[in-house]
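> Kindly return the folded structure for what I paste below:
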Amino acid sequence: MRIRGHDRYELKYLLEREQCERLVEALADHLKPDVLGDDQGRYAVTSLYYDTVDYKAYWDKIEGQRFRRKVRVRVYGDQVVAPSTSCFVEIKQRTNMTLQKRRVVLPYSAAIALCGAGDDVKKDTKPETDRAVISEVQYLHYALQLRPACVVGYSRLAFEDSEYEPDMRVTFDTDLKCRVHDLTLLSQSHAEDHTFLPPGWCVMEIKVNYRVPYWLTELIGHYRCTLRRISKYCTGLEQSKALLQRQQIVY
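Predicted structure coming up:
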């Protein structure tokens, strides 16, 4: 759950339960659990994604645009979100094969005002990098007329930092759910959230600055993990039937 501001590489895999369990066990010998999770490195993630009225972010992904950006508001943990709850406003950007994430911490009410209306946020007390993120979100809102599109939530098991792999992070996301109604993180009435991956399946993500170490490529090959082009946001939209024209993007 670190703030990353430089280019990174992100690899995604769709795993069955047995593959996931064996990889998690093997990783314990190389990486340590995320200290911001529980003693195993597990925590909840909930994100409110923004998009245009015609789902530009979705179609940019489907069409394989080399440069694309998504805006989201994200909270960690099982906390009940209130207007004063700290959350992250994030811009997730991909250029060809590299990924960059820029984000700023704001109270939830300020985050929603910024993303949903482009409202100004007091920037005079913020570091320069935070001011730049706020200005970029404002620009994207006005240029694209962003609006809430989808809420995605899941349970994440995260491993990071070791003595030999200080820049690497490996995560396992399960119990993936979404909704395209009730588009707020304040509400607790999520009974109609839709599961959008089969039970027992898991999305594994590997994030590195330079390269995946040899020992991990060996594990990936041993357990027959195959790269998948999957977006939680896009898959959630499809499975919730938010789009009139649906396409399968897990392949």
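> Show me where the chain has its strands.
8-15, 32-33, 42-51, 67-76, 86-95, 98-107, 147-160, 169-179, 194-195, 202-208 (DSSP state E).
> Give me the angle between the first one and strand 202-208.
Angular relation of strand 8-15 and strand 202-208 on a 0 to 180 degree scale: 160 degrees, by axes from the mean of the first three to the mean of the last three CA atoms, to 10 degrees.
> list the helices and strands strand 8-15 packs on?
If you count contacts as 3 or more CB pairs under 8 Å, 6 or more residues apart in numbering; DSSP states H and E, strand 8-15 packs onto strand 98-107, strand 202-208. Any C-beta I mention is one placed from the backbone N, CA and C, and that applies to glycine too.
> Save the strands of the chain as CSV, and put in mean pLDDT, mean neighbour count and distance to Ala57 too.
CSV is the format used below for those (pLDDT from 0 to 100; neighbours: other CB atoms under 10 Å; distance: least, CB to CB, whole Å):
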stretch, mean pLDDT, mean neighbour count, distance to Ala57
strand 8-15, 93, 18, 16
strand 32-33, 92, 16, 31
strand 42-51, 96, 21, 5
strand 67-76, 96, 20, 5
strand 86-95, 95, 19, 9
strand 98-107, 93, 18, 15
strand 147-160, 95, 21, 8
strand 169-179, 95, 21, 14
strand 194-195, 88, 14, 19
strand 202-208, 94, 20, 18
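> Just send those strands back as TSV, with distance to Val121 too.
Output for those, formatted as TSV (distance: least, CB to CB, whole Å):
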stretch	distance to Val121
strand 8-15	26
strand 32-33	34
strand 42-51	16
strand 67-76	13
strand 86-95	9
strand 98-107	7
strand 147-160	18
strand 169-179	27
strand 194-195	33
strand 202-208	28
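> Of those, which is nearest Lys232?
strand 147-160 (5.2 Å; CB to CB).
> Alpha carbons of that closest one, as PDB, please.
In PDB, the C-alpha atoms belonging to strand 147-160 read as follows (Å, rounded to 0.1, in the frame of the first residue of the first chain):
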ATOM      1  CA  ARG A 147     -18.700  10.600 -13.400                       C
ATOM      2  CA  PRO A 148     -18.900   7.600 -11.000                       C
ATOM      3  CA  ALA A 149     -19.100   4.400 -12.900                       C
ATOM      4  CA  CYS A 150     -18.400   1.300 -10.800                       C
ATOM      5  CA  VAL A 151     -17.500   0.200  -7.300                       C
ATOM      6  CA  VAL A 152     -15.000  -2.700  -7.100                       C
ATOM      7  CA  GLY A 153     -14.100  -4.500  -3.800                       C
ATOM      8  CA  TYR A 154     -12.000  -7.500  -3.000                       C
ATOM      9  CA  SER A 155      -9.800  -9.100  -0.400                       C
ATOM     10  CA  ARG A 156      -6.000  -8.700  -1.000                       C
ATOM     11  CA  LEU A 157      -3.100 -10.700   0.300                       C
ATOM     12  CA  ALA A 158       0.100  -8.700  -0.300                       C
ATOM     13  CA  PHE A 159       3.800  -9.500  -0.100                       C
ATOM     14  CA  GLU A 160       6.500  -7.000  -0.500                       C
END
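> Okay then, goodbye and thanks.
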